[in-house]
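>>> Everything below, folded, please.
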Amino acid sequence: MATYFHEGDSRHIEQSVKEFCQDVVRKDYGKFVKAKQFSREVFKQMGERGFLGAMVPEEYGGAGMNMQQYVVLMESLACYGGGSIALTLTAHHSLAIAHILYAGTEEQKKAFLPKLAKGETIGAWCLTEPDAGSDAFGIGMKTTATTTGSGRLINGSKQFITNGTIADIFVVIAKTFSNKHGQQNYGAFIVPKASEGRFICSAETNKVGMDASDTSTVIFENVEVGINAEMEGDGRASTYKVLNSGRVGISALACGLLRSALKEAVNYGKIRKTFGKPISEYQAVSHRLADVSATLTACWAMVEKSAHIFDKGELTIQLASETKLHVTEKVLSGCLDAARTFGGNAYIKDNRIAQDLMDAILLIIGEGTSDMQRLAVAKSLFK
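Down below sits the predicted model:
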């Protein structure tokens, strides 16, 4: 298969990720699946390689990548390591770290980013709640940050939080109320797990896919943070900014899953024989995989375009949503087509093809469902 990566840095990034996934992730993948999370040692090694702080500026201890380099990192992680390790990085970097980069004060950036970039601390991003998903900023959001004499008191429950049980730092989006008028606003807060108060973290252990990624409910009961915990600006606006850029990364992750699925299917098609010849010689198989290959090329082109425009500072909500919508939907159908090559073996979760297919399901839901992306695109069209 021809590579679709750029020359130079991109090849170096891909090779570094490939070695890490072979030596660390896939080698003990069964252990991570059983634990439903990756160990601290995995985070440490990702930090040493610069993955955790990929787009964090070097002045804060990061690798200083641009988005065009980061999507290669994300795609390669998903391809060689699987959806779980890529999703784990996404939550830590594209959500938690990104929010601090976009809205954190200089003091907050200096205090938190170096340790997050090195893997000394693990980050989680807390938006979704039991009654607030696509309408995260509707009446369903119950989490509040109440003003006290010395700071804020965080109370509420967050759901489907990646890295929730292992995180040291939570970025929490909560309702706030301004002064005597009681006007409702939204704030984004950096909440260390070492804060006073009670944290209740309950892992989801019966997921369809992303089996080695930690997903949990996180409940905050009278968690106290200082006045310096709140990030700058409107919490809703900074959240939308995080989600907008995150959709480029999640689309790159999707491409990695499809590249893996296609590679698995091509290899299997060469060795599996029926009626005395390899199944790759049947057009029903080979033409279907040709379509998957064309889909992958088109999807990666969209990701590259979005990453390039992001680096120019011109990424629009429309383009980010179009990319996330088209890529994740096409990747899911492409993984299913690749899985058909395996017959019954595609239904065994120990096989990588089954993992890629199950992991791809989440991508049309997480970081904004496909229907929410359609809504965003339509609004842009008719604005």
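
>>> Run the chain-centre distance for the host helix or strand of A290.
Applying DSSP states H and E as the criterion places A290 in helix 283-311. Distance of helix 283-311 from its chain centroid, counting by Cα atoms, centre = their mean, to the nearest Å, is 20 Å.

>>> Who are the packing partners of that helix?
helix 67-76, helix 235-271, helix 317-340 (3 or more Cβ pairs under 8 Å, 6 or more residues apart in numbering; DSSP states H and E). From N, CA and C alone the C-beta is placed, and that goes for glycine too.

>>> Packed most tightly, which of those helices would that be?
Comparing the helices and strands packed on helix 283-311 by mean neighbour count (mean count of other Cβ atoms under 10 Å), helix 67-76 comes out on top with a mean of 26.

>>> Helix, strand, or coil at R152?
At R152 the chain is in strand, as set by DSSP: H, G, I helix; E, B strand; the rest coil.

>>> so how far is L116 from it?
R152 sits 21 Å away from L116, going by Cβ to Cβ, to the nearest Å.

>>> Just want to know which of these two has more residues nearby.
Ranked by neighbour count (other Cβ atoms under 10 Å), R152 and L116 place L116 first, with 26 against 23.

>>> I'd like the next helix or strand past the helix or strand containing the more buried one.
Following DSSP H and E, one finds L116 within helix 106-118. Later in the chain than helix 106-118, the nearest helix or strand by DSSP H and E is strand 123-126.

>>> what about that following strand, distance to the chain center?
Worked out by Cα atoms, centre = their mean, strand 123-126 lies 11 Å from the chain centre.

>>> Report the secondary structure state of the spatially most central residue of the chain.
The residue lying closest to the centre of the chain (Cα atoms, centre = their mean) is T90, at 3.2 Å. When classified by three-state DSSP, T90 comes out as helix.

>>> Show me which residues of the helix holding L116 are buried.
Judged by neighbour count (16 or more other Cβ atoms under 10 Å), helix 106-118 contains these buried residues: 108-109, 111-118.

>>> Same check on stretch 187-197?
For stretch 187-197, by 16+ other Cβ under 10 Å, it's 187-191, 193, 195.

>>> Any idea how far apart the tips of that stretch sit?
For stretch 187-197, the first-to-last residue distance is 19 Å (Cα to Cα, to the nearest Å).
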